[in-house]
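*Asks:* missing the sequence, but the structure's below:
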């Protein structure tokens, strides 16, 4: 009897450490080691797809809740900052970054197809395609996005591989309003004069060049930026890596002390404070451009998490 039981156990598939599940047309959930990590919102009510919330391996939420949910002490600025997202503020004059309350011409990034949702012992994958449409519904770009989620003991890591293909000739305009971005939890914002009801801001930015804080990092080029601080009593950080094969590597950083953590390869005239600079990019019909990033949520700070070594490992990937 025992031999039969062992045979049954060994014949069963290994339990998935990373479990990815689609829930109708609204979202896809990601759990790691049985605990919720994030959800990918792709439903028809969203102007653009986004991941929300992002959690550390210990379960602490490192992204702002607003506007998806109310969290005491959080700011309510920039309601278009939703979790983690990818978009741009000027594509043929159409704004895919902001929301309609800002005024102007707006576009939507609409789900076309979920090609793959797979779980696994060490990683799980979401592979989906989207259409970047203007207000009339005309498709300017198609997006192919592959996200790989990893199960590691102390960190949470996501790899992004995004390809945009022009349906017609498109111009990515020179604006700081973009492009790959995360809105961080209040505890990770840089210190400021807090009101008595606000949580402490303990955030500290460091980039791959050793620069520190918004004043030194905003608008500069770097391989990576790490943003760390205290979240619910725990020292945590989140890093974004720009892969050497990404467009215009090393990218410029639109990283703000108030919690916007973004990179943007198009906003040169703002970042370099030079109106003669033009960071726009023309993509002819049928041509594509690729973006590759890694997000690492880690305990400790940039040094204890060995972010520089983690980036070297990532940059060596083909």
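*Replies:* Received it, and whenever you're ready, just let me know what you need. Just so we're clear, the structure is a prediction, and the values are computed from it rather than from any experiment. Numbers count the residues shown, from 1 in each chain.
*Asks:* Mind checking which residue lies nearest the centre of the chain?
*Replies:* With distances taken as Cα atoms, centre = their mean, residue 84 lies nearest the centre of the chain, 3.9 Å away.
*Asks:* who touches residue 244 in this structure?
*Replies:* Counting by Cβ atoms under 8 Å, 6 or more residues apart in numbering, residue 244 makes contact with residue 315. All C-beta atoms are positioned from the backbone trio N, CA, C, and that covers glycine.
*Asks:* Give the helix, strand or coil label for it.
*Replies:* coil (DSSP: H, G, I helix; E, B strand; the rest coil).
*Asks:* if I look at it, how far off is residue 271?
*Replies:* 20 Å (Cβ to Cβ, to the nearest Å).
*Asks:* Also residue 293?
*Replies:* For residue 293 relative to residue 271 (Cβ to Cβ), the value is 18 Å.
*Asks:* With residue 130 instead?
*Replies:* On the measure of Cβ to Cβ, residue 130 and residue 271 end up 27 Å apart.
*Asks:* Residue 280 now?
*Replies:* Taken as Cβ to Cβ, the span from residue 280 to residue 271 is 13 Å.
*Asks:* Neighbour count: the two, which is higher?
*Replies:* residue 271 (21 against 15; other Cβ atoms under 10 Å).
*Asks:* Now that one: closest residue in space, sequence neighbours ignored.
*Replies:* Excluding the flanking residues, the one nearest residue 271 by Cβ to Cβ, 6 or more residues apart in numbering is residue 219, at 3.4 Å.
*Asks:* Tell me the secondary structure of the one you found, please.
*Replies:* Applying three-state DSSP: residue 219 is coil.
*Asks:* any idea how far it lies from residue 41?
*Replies:* 30 Å.
*Asks:* Over to residue 54?
*Replies:* The value you get for residue 54 to residue 41, if Cβ to Cβ is used, is 13 Å.
*Asks:* if I pick residue 106, what's in contact with it?
*Replies:* So residue 106 contacts 47, 94-96, 98-100, 135 (Cβ under 8 Å, 6+ apart).
*Asks:* Please apply the same query to residue 118.
*Replies:* By Cβ under 8 Å, 6+ apart, the contact list for residue 118 reads 20, 124-125.
*Asks:* ok, now residue 174?
*Replies:* By Cβ under 8 Å, 6+ apart, the neighbours of residue 174 are 90, 266-270, 277-280.
*Asks:* Among those, name the ones in strands.
*Replies:* Among these, no member falls in strands (criterion: DSSP state E).
*Asks:* out of these, which is most surrounded?
*Replies:* residue 266 (28 neighbours).
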